[in-house]
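**Q** Need coordinates for the below:
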Amino acid sequence: MAADNEEWWKPIVEFLVHSFCGTAVFVIIYVPGIGLHLGVHWLVEKLWNSLAPLIVVMALMEYALLTVDTFLYVMFLFTTTRKAYRKLQL
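**A** Numbers count the residues shown, from 1 in each chain. Predicted coordinates:
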């Protein structure tokens, strides 16, 4: 029983490590989205008339990447939080 009381902090540390790593992965995955964003704005300023369809597709890819990445990040944090909460309840 004493060993259980001494290990109450392990789910909290596990949650913090998973949250930090998940946030790092979120940032790493969205870096290409930042590049797309900068590329789209540069193309809009310089070449809008000749490359309008390409620019629209790139903008859609940028928003799709942001949406999917954010959704998966939130789901990851939710499941990690739920697992840590369940471990603290036991």
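**Q** dump the residue contacts of Phe15.
**A** Thr80, Thr81, Lys83, Ala84 (Cβ atoms under 8 Å, 6 or more residues apart in numbering). Using the backbone N, CA and C atoms, a C-beta is placed for each residue, glycine as well.
**Q** Now, of those, which are buried?
**A** By neighbour count, with 16 or more other Cβ atoms under 10 Å, these hold Thr80, Ala84 as buried.
**Q** So which of the contacts of Phe15 belong to helices?
**A** Among these, the residues falling in helices (DSSP state H) are Thr80, Thr81, Lys83, Ala84.
**Q** Distance of the residue sitting nearest the centre point of the chain relative to Phe15?
**A** What sits nearest the mean C-alpha location of the chain, by Cα atoms, centre = their mean, is Phe26, with 3.0 Å. Distance of Phe26 to Phe15, computed by Cβ to Cβ, to the nearest Å: 16 Å.
**Q** sorry, back to before: please identify the helix or strand for the residue nearest to the centre of the chain.
**A** helix 10-89 (DSSP states H and E).
**Q** circling back to that earlier point, now the residue nearest to the centre of the chain. Nearest residue, chain neighbours left out?
**A** Nearest residue to Phe26 in three dimensions, chain neighbours excluded: Tyr73, at 4.4 Å (Cβ to Cβ, 6 or more residues apart in numbering).
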